[in-house]
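Undergrad: predicted coordinates and the sequence they were generated for:
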Amino acid sequence: MNKDVQEFHDYVVNDVMANITGISSKRMFGGFSLYLEGAIFAMITSESELYFKVDETLKEEFEKYGSHPFVYSGHKNKGPVEMPYWLLPEEIMNNEDELADWIQTSAAVSKK
């Protein structure tokens with residue numbers, strides 16, 4: 001595990017999301033998956049980037065902020081694959097109230 005990824009994870013979970021109850025995480029593919037009361041809502045990549053789970057409706061909200069999807073390119077036999085996760089805009093990450101709403105919405109997408 002990359003030390004920078006661990007430090008970013010600790011910052012996100014212990015500082016940025018400190019006031020949100022029900023957050024947990026697990027190591028995943030060199031990064032972490034983040035959960036709200038057991039529903040995955042985000043992932044931290046091995047490049048220390050935070051991506052939230054989206055559906056078609058949520059994509060539009062992320063696009064308004066100039067965000068982009070996570071593209072997995074590590075598969076040997078396939079080309080790059082766009083995943084249903086989009087980079088969390090910094091403006092949202094720095095706004096506690098909005099962040100809580102976005103976490104709830106992304107967790108709800110996961111439960112569908």
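TA: Perfect, thanks for sending it.

Undergrad: tell me the buried residues in the top helix by length along the chain?
TA: In the chain, with assignment by DSSP state H, the single longest helix is helix 96-111. Going by neighbour count (16 or more other C-beta atoms under 10 Å), the buried part of helix 96-111 is 99, 102-103, 105-107, 109-110. Just so you know, the C-beta spots here come from the backbone N, C-alpha and C atoms, and that holds for glycine as well.

Undergrad: counting by contacts, list what that helix packs against.
TA: When contacts are defined as 3 or more C-beta pairs under 8 Å, 6 or more residues apart in numbering; DSSP states H and E, helix 96-111 packs onto strand 31-36, strand 39-44, strand 50-53, helix 56-64, helix 90-93.

Undergrad: now do 10 Å
TA: Packing partners of helix 96-111 (3 or more C-beta pairs under 10 Å, 6 or more residues apart in numbering; DSSP states H and E): strand 31-36, strand 39-44, strand 50-53, helix 56-64, strand 81-87, helix 90-93.

Undergrad: relative orientation of the first one and helix 96-111 in degrees?
TA: Read that as strand 31-36. Computed by axes from the mean of the first three to the mean of the last three C-alpha atoms, to 10 degrees, the angle separating strand 31-36 from helix 96-111 equals 100 degrees.

Undergrad: if we can go back for a sec, relative to strand 39-44, how tilted is the longest helix of the chain?
TA: Using the same axes, to 10 degrees: helix 96-111 against strand 39-44 is 120 degrees.

Undergrad: compute the inter-axis angle for helix 96-111 and helix 56-64.
TA: 140 degrees.

Undergrad: pull the distance from helix 96-111 to the chain's centre.
TA: Remark: helix 96-111 is offset 10 Å from the chain centroid, using C-alpha atoms, centre = their mean, to the nearest Å.

Undergrad: appreciated, that's everything.
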